[in-house]
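In: Coordinates for the following, if possible.
(one chain, ligands or ions: 2)
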Amino acid sequence: QTLEEVKTKIQRGMLPQWAFTNHDIYERELEHIYAKTWNFIAHESEIANPGDYVTRWIVNDPILLLRDKDGQMKAYLNSCAHRGMQLCSADFGNKSTFTCPYHGWTFNQKGELIGIVAGNKVYGHEMDKSQWGLRKIPRLESYRGMIFASLNPDAESLEDFLGGMKWYFDIMLGRTTNGMEVRGVPHRWIINTNWKISSDNFGGDPYHTAMTHRSTVELGISPQDPLYASYGHQVVLENGHGINLCTTKDGGTKYPYQGLPKELWGEFEQNLTPEQRAVLYKTVVFVGSCFPNLSFVSPMHGTGGPDEPLTSFVNFRTWRPLAPDKIEVCSWLLVDKDAPESFKEASYKSYIGSFGPAGTLEQDDGEIWTRVVDASKGYMIQHKDVHYDNVLNYIMGLDRVEPDESWPGPGVAYPTCYLDAISRAFYEQWVDMLLASEA
Ligand code: FES
Ligand code: FE
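Out: Numbers count the residues shown, from 1 in each chain. Ligands and ions are numbered 1, 2, ... in the order given. The predicted structure follows:
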């Protein structure tokens, strides 16, 4: 089966199941997708002050991201130029220099090698310090406080990469004057699944909610109507990105602007267009993915008692591939800086109970994704000719559901969220990038 054939299948709504578990494909993904594209690594509020740094990973590349004393963001490979030691082992902190734990070489915020233990005694003219600085990450750009890096010097601009997603990021991240901040530190945990399963689930699969998250229905947190997560629009964007904007059945809402504090509503007028405001006014849940592995969910959940009002939150997460069947989730809770402290705390609690590492909905999803991969490793799946085709079903809405031309935002918007249009576009982008590697 050639990738060209796979592409044709994807366009017809069929994905070979071995895509989740094949080791060969996995290695090619790392080289031809992750090393080529933009990767979300941090939010600007995490390195707000000169000297602030965080350490992150782009798959297997360790990243040291910092703000230097002039306020500029810098990103280096977090591996010492001497013998490769991981230079900085802390998750975050504030430093003006970094000293390597192995032999004690010291680097400044510009990545320059400025100190060598016993340098004058053990090195002579063979040592030109200017040659042994930290290796720079080729590209670093941000949009609405979201910092992305790329290992590809020739990557298109971040804004071109995000494309129409910027319009939706503006609604979630740029609606208030001072933008967002990360509350707490990002949570990290491991799930034994494939990165595409989680990314595609957030991007294109509101259909799973009525069953996977059935406990929330039984508890009365989610509506009984099995179509409850279908109302609204699914929007297919360029480059494999997609977003669902879920509303109530009739588009009305008890919680205008997702129940965000009234003190912020005036800021929405200053920062959003009337069309963006109208979308924010009625949307109950924003959920989607930026290809390849940045997903987000901004829903409304309770914070405790049944009588307490629902509180919205904004959660971004990356699915870092560790193996074909293993990812590390890194999950950020973002809140509007200008919101009152009481709302920030309620928003954080709402996240922790639902999509935090031990949140109910998070646990539902992780369990399912693990078992999809467990069921995708065997002989019949991997040996493509044993069972005819071995493809999975992504045909929902294919050639049937027509775009809603009246949708005010960018992208191709369909008038339902129960649709596999984003998933098909996601996997088409995936196969296109693998195919580009063959050309
Ligand atoms: Fe860093 Fe030797 S490996 S100083
Ligand atoms: Fe889910």
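In: just the helices in the chain please.
Out: For the chain, helices defined by DSSP state H occupy the ranges 3-11, 23-29, 119-122, 158-162, 165-173, 195-204, 209-212, 214-218, 265-271, 274-282, 341-354, 360-374, 379-382, 421-438.
In: Quick one: mean pLDDT for the third one?
Out: Okay, so that is helix 119-122. In this model, helix 119-122 has a mean pLDDT of 91.
In: That one close to ligand 1?
Out: No - Helix 119-122 stays clear of ligand 1 (C-beta under 6 Å from any ligand atom), getting no nearer than 11.2 Å. Heads up, the C-betas are built off the backbone N, CA and C, glycines and all.
In: Off-centre distance for that helix?
Out: Remark: helix 119-122 is offset 46 Å from the chain centroid, using C-alpha atoms, centre = their mean, to the nearest Å.
In: which phi and psi does Asp325 have?
Out: For Asp325, the backbone dihedrals are phi -120, psi 30 (criterion: degrees, to the nearest 10).
In: Kindly tell me how buried it is, as a neighbour count.
Out: Asp325: 22 surrounding residues under other C-beta atoms under 10 Å.
In: Same question for Pro306.
Out: Other residues lying near Pro306 total 8 when counted by other C-beta under 10 Å.
In: Next, the contact list for it, please.
Out: Going by C-beta atoms under 8 Å, 6 or more residues apart in numbering, Pro306 touches Gly220.
In: close enough to count as contact, Glu46 and Val182?
Out: Yes - with contact defined as C-beta atoms under 8 Å, Glu46 counts as touching Val182 (5.4 Å).
In: tally of neighbours for the residue in the stretch 151-300 of the chain positioned nearest to ligand 1?
Out: Proximity of the stretch 151-300 of the chain to ligand 1 (C-beta to the nearest ligand atom) peaks at Leu151, 21.6 Å away. Using other C-beta under 10 Å, Leu151 has 19 neighbouring residues.
In: Report the contact partners of it.
Out: Tyr34, Ala35, Lys36, Asn39, Ile58, Asp61, Ile137, Pro138, Arg139.
In: which non-adjacent residue is nearest the fourth one?
Out: In space, and not counting its chain neighbours, Asn39 is closest to Ile58: 4.5 Å by C-beta to C-beta, 6 or more residues apart in numbering.
In: what's the neighbour count on the residue lying closest to Pro340 once chain neighbours are set aside?
Out: Nearest residue to Pro340 in three dimensions, chain neighbours excluded: Pro261, at 5.9 Å (C-beta to C-beta, 6+ apart). Using other C-beta under 10 Å, Pro261 has 17 neighbouring residues.
In: which residues sit in contact with Ser96?
Out: Counting by C-beta under 8 Å, 6+ apart, Ser96 makes contact with Gly51, Lys69, Asn108, Gln109.
In: what's the spacing between the residue lying closest to the last one once chain neighbours are set aside and ligand 1?
Out: Across the structure, with C-beta to C-beta, 6+ apart as the measure, the residue nearest Gln109 apart from its sequence neighbours is Asp68 (3.9 Å). Distance, Asp68 to ligand 1, by C-beta to the nearest ligand atom, to the nearest Å: 21 Å.
In: which residues touch Asp68?
Out: Shown in contact with Asp68 (C-beta under 8 Å, 6+ apart): Pro50, Gly51, Lys74, Gln109, Lys110.
In: May I ask which of those residues has the most neighbours?
Out: Tallying neighbours with other C-beta under 10 Å puts Gln109 at the head of the contacts of Asp68, with 21 neighbours.
In: Please list the residues of the stretch 1-150 of the chain that sit near ligand 1.
Out: Cys80, His82, Arg83, Met85, Cys100, Tyr102, His103, Gly104, Trp105.
In: mind checking pLDDT for the second one?
Out: Translated: His82. Predicted confidence (pLDDT) at His82: the value is 97.
In: That one contacts Thr99, doesn't it?
Out: No - assessed by C-beta under 8 Å, His82 is found out of contact with Thr99, at 11.6 Å.
In: what touches both of the two?
Out: Joint contacts of His82 and Thr99 (C-beta under 8 Å, 6+ apart) are Trp105.
In: Among Glu46 and Val182, which residue is more densely surrounded?
Out: For Glu46 and Val182, the more surrounded residue by other C-beta under 10 Å is Glu46, and the numbers stand at 22 against 19.
In: Contact partners for that one?
Out: For Glu46, the contacting residues are Asp52, Val54, Phe92, Val182, Pro186, by C-beta under 8 Å, 6+ apart.
In: Among the residues you listed, which one has the most neighbours?
Out: With neighbours taken as other C-beta under 10 Å, the top of the contacts of Glu46 is Val54, carrying 23 neighbours.
In: how near is the residue nearest to it when sequence neighbours are not counted to Tyr76?
Out: Leaving out its chain neighbours, the residue that sits closest to Val54 by C-beta to C-beta, 6+ apart is Phe92, at 4.5 Å. Using C-beta to C-beta, to the nearest Å, Phe92 is found at 15 Å from Tyr76.
In: related to what we said a few turns ago, possible to save the contacts of Asp68 as JSON lines with distance to Phe161?
Out: Shown next, in JSON lines, are these (distance: C-beta to C-beta, whole Å):
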{"residue": "Pro50", "distance to Phe161": "28"}
{"residue": "Gly51", "distance to Phe161": "29"}
{"residue": "Lys74", "distance to Phe161": "21"}
{"residue": "Gln109", "distance to Phe161": "27"}
{"residue": "Lys110", "distance to Phe161": "27"}
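In: Filter those down to the ones in strands?
Out: Cross-referencing these against strands under DSSP state E gives Lys74.
In: Closest one to Asp200 out of the contacts of Asp68, please.
Out: Checking those against Asp200 with C-beta to C-beta, the nearest one is Lys74 at 33.4 Å.
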